[in-house]
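Student: Pasting a predicted model and its sequence here:
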Amino acid sequence: MGIVGLGYVGLPLAVEFARSGLITTGIDLDLRKISAIEQGNSYVPDVPAADVAALVTAGRLRATRDFGVIAELDTVNICVPTPLRKTKDPDMSYIVAAAESVAEHLHPGMLVVLESTTYPGTTQEVVQPLLERRGLKAGVDFFLAFSPERVDPGNDHFNTRNVPKVVGGTTNTCRELARVLYSTAIETVVTVSSPRVAEMVKLLENTFRAVNIGLVNEIALMCDKLGIDVWEVIDAAKTKPFGFMPFYPGPGLGGHCIPIDPFYLSWKAKQNGFEPRFIELAGHVNSSMPHAVLDKITEALNTQTKSVSGSQVLVAGIAYKRDIDDIRESPALDVMGLLHERGARVSYTDPYVPVLSARSWPGGCELRSVPTEDLPLMSIDCIAILTDHRVFDYEALVGAAPLIVDTRNALKRQFPHVFRLGAPRTTRGARPVLEPLALGA
Ligand SMILES: NC(=O)c1ccc[n+]([C@@H]2O[C@H](COP(=O)([O-])OP(=O)(O)OC[C@H]3O[C@@H](n4cnc5c(N)ncnc54)[C@H](O)[C@@H]3O)[C@@H](O)[C@H]2O)c1
């Protein structure tokens, strides 16, 4: 079997297929990824290098840039990126390029499965015509299906093997072949009636998250105004054993999925004369959160008669979520950009992201993660906790600055110099404290 695109989705899938006994070939344009795999290394934190090394040595996993190998393969799964253009329209160029490359080597009897998240209709309206260009027909000469990827990077419990896989084929045979393929490596396969349904399943899941995160972010901003602790509210609400599912506020949405995928759906709906409202509204609230964080930092600095301009602000955690190294679409980069724009001296600490290149954030200069032991040596005015990595030494962070802005409720306990997103500054009944107190006061 083959996988086109060996990123956060493709590499774990390739490893799982190889582990289940299939001879697996990964195809990618990125030579660094190919040589990492050839040398038995991993660049995806959820995939141990030892697993890659063992599978490569056993001859069950290999990587190449040469699409010519498709001539020897029975199946190909396409796992390439699906970003948005600046206009928030789908950027289909990766899917089109990958499908064209597969089409050049497509042969009778082959199964092609698209896994990239995309708008409903892509498999049959975009990929199928490209694959059929040389005369082979889907469902007759070759087989075509869509199966969305649901991987959750950094999740200790759910992985490629134990997350059920949804599959829709362009014909019943296509669906059956894809079901059989996935059953070799994945515990539960759920079949649906068409690729279009499978495409929509993924977008429903991600829109559900985007909208609920938008709702809880708005509730957090509301709680801020009302002087209520949103974190306490959520903790109590989630004791309801039915009809409620907790979502948590934060500095905004990040990653390659939740901030992007709903706009694929919204674009397709608009093409068909339907104006989606929830997606746009949630997008509006979620993308305003970095500004809310900036306001919180400004409020914190004001209590010490300091301005953002000229203050030394250290951001703790720049990956888009806990315990991973992925900074794509991370709201931390937006917050850093806003701080830089307002004249703050910006630095960061994140053990998962040792270097932030100049083009990765709006500040336009390369930054390096500050090691925890160096924090006391810096005269930091404010630390903003934007990603709650479990490896952080929170005691050290709390002690390293006179002001802390906690956007994730990472500290749980309240300290007088900590400002939490969606919460009043001091504990219930306590008087506001205007001067920073020592740690643990
Ligand atoms: N990352 C996630 O958590 C996640 C979860 C579920 C679904 N998805 C979806 O899966 C898809 C892939 O996401 P990802 O996070 O793995 O992306 P990624 O950027 O980590 O990996 C994509 C890989 O595809 C390669 N590539 C690009 N064009 C290519 C081409 N024409 N031929 C061969 N290789 C090519 C890139 O070099 C890269 O290695 C996206 O549609 C994404 O929305 C991602």
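Tutor: Here it is on my side, so go on. Residues are numbered from 1 along each chain as shown.
Student: give me the number of residues near T24?
Tutor: Residues lying near T24 (other CB atoms under 10 Å) number 25. No exception for glycine: its C-beta is placed from N, CA and C like everyone else's.
Student: To clarify, my last question referred to Q39.
Tutor: 11.
Student: gap between it and R32?
Tutor: As judged by CB to CB, to the nearest Å, Q39 and R32 stand 11 Å apart.
Student: same check, this time on V233
Tutor: 46 Å.
Student: Kindly report the same for A358.
Tutor: Look at A358 and R32: by CB to CB, they are 19 Å apart.
Student: residue in this protein nearest to the ligand?
Tutor: Residue nearest to the ligand within the chain: G7 (1.8 Å; CB to the nearest ligand atom).
Student: Angles on the backbone of that residue, please.
Tutor: G7 has phi and psi values of phi -100, psi -150 when expressed as degrees, to the nearest 10.
Student: so who does it touch?
Tutor: By CB atoms under 8 Å, 6 or more residues apart in numbering, the contact set of G7 is D28, K33, V44, C79, P81.
Student: Mind putting those into CSV with secondary structure and distance to the ligand?
Tutor: Shown next, in CSV, are the contacts of G7 (DSSP: H, G, I helix; E, B strand; the rest coil; distance: CB to the nearest ligand atom, whole Å):
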residue, secondary structure, distance to the ligand
D28, coil, 4
K33, helix, 5
V44, coil, 8
C79, coil, 5
P81, coil, 4
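Student: Give me the buried entries from the residues you listed.
Tutor: Buried members of these, scored by 16 or more other CB atoms under 10 Å, are D28, K33, V44, C79, P81.
Student: Give me the pLDDT value at Q271.
Tutor: pLDDT recorded at Q271 is 95.
Student: which SS class is the closest residue to S307 other than its chain neighbours?
Tutor: The shortest distance from S307 to any non-neighbouring residue, by CB to CB, 6 or more residues apart in numbering, is to L301 (6.5 Å). Using DSSP: H, G, I helix; E, B strand; the rest coil, the secondary structure recorded for L301 is helix.
Student: pretty sure L301 is touching Q312, no?
Tutor: No. L301 is beyond contact range of Q312, at 10.6 Å (criterion: CB atoms under 8 Å).
Student: Look up which helix or strand the nearest residue to H340 once chain neighbours are set aside falls in, please.
Tutor: Distance criterion CB to CB, 6+ apart; nearest residue to H340, sequence neighbours excluded, is G363 at 4.2 Å. When elements are assigned from DSSP states H and E, G363 belongs to no helix and no strand.
Student: how much space between the residue nearest the centre of the chain and I297?
Tutor: With distances taken as CA atoms, centre = their mean, G255 lies nearest the centre of the chain, 2.6 Å away. Separation of G255 from I297 (CB to CB): 23 Å.
Student: Name the residues of the stretch 251-400 of the chain found near the ligand, please.
Tutor: Counting by CB under 6 Å from any ligand atom, the stretch 251-400 of the chain comes close to the ligand at H256, C257.
Student: make it 8 Å
Tutor: Counting by CB under 8 Å from any ligand atom, the positions of the stretch 251-400 of the chain adjacent to the ligand are G255, H256, C257, I260, D261, D326, R328.
Student: pLDDT weak spots in the chain?
Tutor: 426-441 (pLDDT under 70).
Student: Number of residues surrounding the closest residue to I27 other than its chain neighbours?
Tutor: The spatially closest residue to I27, leaving aside those adjacent along the chain, is V4, at 4.9 Å (CB to CB, 6+ apart). Counted with other CB under 10 Å, the neighbours of V4 add up to 27.
Student: repeat for P246
Tutor: Residues contacting P246 under the criterion other CB under 10 Å number 11.
Student: That one belongs to a helix, doesn't it?
Tutor: No. Read with three-state DSSP, P246 is coil and lies in no helix.
Student: Just to check, it is in contact with A237?
Tutor: Yes. P246 is within contact range of A237, at 7.0 Å (criterion: CB under 8 Å).
Student: quick check, nearest of the contacts of G7 to S93?
Tutor: In terms of CB to CB, no member of the contacts of G7 lies closer to S93 than P81, at 9.3 Å.
Student: need the contacts of G7 in JSON lines with distance to A97, can you?
Tutor: Output for the contacts of G7, formatted as JSON lines (distance: CB to CB, whole Å):
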{"residue": "D28", "distance to A97": "12"}
{"residue": "K33", "distance to A97": "16"}
{"residue": "V44", "distance to A97": "22"}
{"residue": "C79", "distance to A97": "13"}
{"residue": "P81", "distance to A97": "11"}
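Student: excluding its backbone neighbours, what's nearest N155?
Tutor: Leaving out its chain neighbours, the residue that sits closest to N155 by CB to CB, 6+ apart is D46, at 8.0 Å.
Student: How about the contacts made by the one you found?
Tutor: P12, V151, P153, G154, N155, N159 are the contacts of D46 under CB under 8 Å, 6+ apart.
Student: now do 10 Å
Tutor: Counting by CB atoms under 10 Å, 6 or more residues apart in numbering, D46 makes contact with 8, 11-12, 15, 151-156, 159-160, 323-324.
Student: Quick check on those residues: which are buried?
Tutor: The neighbour count (16+ other CB under 10 Å) marks Y8, L11, P12, V15, V151, D152, P153, G154, T160, D323, I324 as buried among the contacts of D46.
Student: so which strand or helix has the fourth one?
Tutor: By that I understand V15. Here V15 sits within helix 10-19, counting by DSSP H and E.
Student: what about that helix, near the ligand?
Tutor: Yes. Remark: helix 10-19 sits within contact range of the ligand at G10, L11, by CB under 8 Å from any ligand atom.
Student: for the ligand, what are the nearby residues on the stretch 51-200 of the chain?
Tutor: Near the ligand, the residues belonging to the stretch 51-200 of the chain are 67, 79-82, 94, 97-98, 101, 115-118, 148-153 when assessed by CB under 8 Å from any ligand atom.
Student: And the furthest pair within the residues of the stretch 251-400 of the chain next to the ligand?
Tutor: Farthest-apart pair in those is D261 and D326; separation 15.3 Å (CB to CB).
Student: Which parts of the stretch 151-300 of the chain are strands?
Tutor: 165-169, 189-192 (DSSP state E, counting those that start in this stretch).
Student: Out of those strands, which gets nearest to D393?
Tutor: With CB to CB as the measure, strand 165-169 is the member of the strands of the stretch 151-300 of the chain nearest D393 (38.7 Å).
Student: List the buried residues of stretch 41-61.
Tutor: Within stretch 41-61, the residues that count as buried by 16+ other CB under 10 Å are 42-44, 46-47, 51-56, 60-61.
Student: Same check on stretch 289-300?
Tutor: Using 16+ other CB under 10 Å as the test for burial, stretch 289-300 gives M289, P290, A292, V293, L294, K296, I297, T298, A300.
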